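S.K.: how would this look folded up:
(one chain, ligands or ions: 1)
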Amino acid sequence: MITVETLVKSFGGFKAVDGASLTIAEGSITGLIGPNGAGKTTLFNVIAGNLKPTSGRVLMQGEDITGLPPHELFHKGLLRTFQIAHEFSSMSVRENLMMVPAAQTGETIWKAWLSRGRIREEERALAQKADEVLDFLTISHLAEEKAGNLSGGQKKLLELGRTMMVDARIVFLDEVGAGVNRTLLGTISDAIQRLNRERGYTFCVIEHDMDFIGKLCDPVIVMAEGHVLAEGKASEIMQNEDVIEAYLGT
Ligand code: ADP
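M.R.: Coordinates of the predicted model:
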């Protein structure tokens, strides 16, 4: 699905990503781990079009997508979940989902709001789709809740739900488990697995919780100092001496 070829991203003289090469297989839930500062987030930002690489290439099913802006990648089905923007926190959960198709095509929020008023039919279809998404994620009871009032884990579910409002093919998830309680983490993990099996989503997940990664991800790619250190099943990776050293060395 995705091939990253000797990617470099420098900030001034410092290479946050330093020649990383990796592939994300179609249909996989690939984990991306590594000590703090390994370059995981920077790599995500480059793949998802939020940062331009210094050198190297990113391919999606053989097509060069290096440096494309996020809204063009969105049209190709490459999505990165992002935190609910401040403007959306006073809107309901359902409205947050309904905004996704318009807000992600590069339209301004105001234009999206105006068209909301005009196109009632489209709005009904979007509301129905939003309700299906909420049902899938088992959070229908939160439809009318303001997004800003959700707990950390519920927000993560909403972020995942946003990818379901469009035809996503590969979704990049950044720190799904951070600050999320065990029960909700289980719900998030279930949702990821069902999206993978039932809807054919490919996932790439950055996460620190090794229990979560071990249960969910295969393969797991380990980054350290801007490049890929190892790749394999979670159980094998944690026996790898280079990996152990990279973690203990920080
Ligand atoms: P990780 O997600 O693995 O913790 P990051 O990609 O966030 O790693 O960061 C990798 C390194 O790049 C870190 O040393 C970080 O300080 C540096 N870095 C990240 N973004 C910037 C930036 N915008 N400007 C300068 N340095 C940055």
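
S.K.: tell me how far the helix or strand that Pro101 is a member of is from the chain's mean position?
M.R.: Using DSSP states H and E, Pro101 maps to helix 93-103. Averaging C-alpha positions (CA atoms, centre = their mean, to the nearest Å) puts helix 93-103 17 Å from its chain's average.

S.K.: over to stretch 175-194?
M.R.: 13 Å.

S.K.: and it, does that touch the ligand?
M.R.: No. Shown here: stretch 175-194 not in contact with the ligand (CB under 6 Å from any ligand atom), separated by at least 8.8 Å. In short, each C-beta sits where N, CA and C put it, glycine included.

S.K.: residues of this structure that sit close to the ligand?
M.R.: Listed as neighbours of the ligand in the chain under the rule CB under 6 Å from any ligand atom: 11, 14, 16, 34, 36-42.

S.K.: among those residues, which lie within helices?
M.R.: 40-42 (DSSP state H).

S.K.: which of those lies closest to Thr81?
M.R.: Distance to Thr81 across these (CB to CB) is lowest for Thr41, with 12.9 Å.

S.K.: the closest one: how many residues sit nearby?
M.R.: 18 (other CB atoms under 10 Å).

S.K.: check contacts around it.
M.R.: 174, 206 (CB atoms under 8 Å, 6 or more residues apart in numbering).

S.K.: go on, Asn196?
M.R.: 27, 29, 202-203.

S.K.: surely Val171 is within a helix?
M.R.: No. According to DSSP: H, G, I helix; E, B strand; the rest coil, Val171 belongs to no helix; its state is strand.

S.K.: what about the nearest residue to Ile139 once chain neighbours are set aside, how many residues nearby?
M.R.: In space, and not counting its chain neighbours, Ile139 is closest to Leu157: 5.6 Å by CB to CB, 6 or more residues apart in numbering. By other CB under 10 Å, 25 other residues sit near Leu157.

S.K.: before we move on, back to that, buried among the contacts of Asn196? Need that as a selection in ChimeraX.
M.R.: Buried residues within the contacts of Asn196, by 16 or more other CB atoms under 10 Å, are selected in ChimeraX with:
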select :29,202,203
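
S.K.: could you dump the contacts of Asn196 to TSV with pLDDT?
M.R.: Listed next are the contacts of Asn196 as TSV, based on pLDDT from 0 to 100:
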residue	pLDDT
Gly27	97
Ile29	98
Thr202	98
Phe203	97
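
S.K.: buried ones in the helix or strand where Glu198 lies?
M.R.: Taking DSSP H and E as the definition, one finds Glu198 inside helix 182-199. Using 16+ other CB under 10 Å as the test for burial, helix 182-199 gives 184-185, 187-189, 191-192, 195-196.

S.K.: thanks a lot, catch you later.
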